[in-house]
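>>> Okay, structure incoming, though there's no sequence with it:
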């Protein structure tokens, strides 16, 4: 069962945008699906065009449409993070990859299917928001 949990992207004016994220420690970047970006880009401040090309697991190279860097908040724990925007072909809304997991010092307990994150001041156990259909 994939691990999903909402994350909040904070703008510099302290307005916020929340998206559902798929936590994936094999993804080498953070990424937002182009469809999600097109829905929220009017609320997400500070994004910039990107010339980055992303290599997919199947070897395909996909151009990034935009990038964002800022503060990400998950249940009160905050870290600075960056993500690229590209067409995920409907696979997910937001991919919370290894660099973001490292920024939050995340550890995944696969037995309980909880992810613990910390910013050094606060520690939170996140519960999987994906319904277990097994």
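Alright, I've got the coordinates. Since this is a predicted model, take the numbers as computed values, not measurements.

>>> Could you say which helix or strand holds residue 27?
Assigned by DSSP states H and E, residue 27 belongs to no helix or strand.

>>> dump the residue contacts of the nearest residue to it once chain neighbours are set aside.
Excluding its sequence neighbours, the residue lying closest to residue 27 (CB to CB, 6 or more residues apart in numbering) is residue 97, at 3.2 Å. Every C-beta, even on glycine, is put in place using the N, C-alpha and C of the backbone. When the contact criterion is CB atoms under 8 Å, 6 or more residues apart in numbering, the partners of residue 97 are 24-31.

>>> beta partners for the residue nearest the centre of the chain?
Closest residue to the average C-alpha location of the chain: residue 96 at 3.2 Å, with CA atoms, centre = their mean. Beta-bridge partners recorded for residue 96 (DSSP bridges): residue 23.

>>> wouldn't it be in contact with residue 19 here?
No - contact criterion CB atoms under 8 Å: residue 96 and residue 19 do not qualify, at 9.7 Å.
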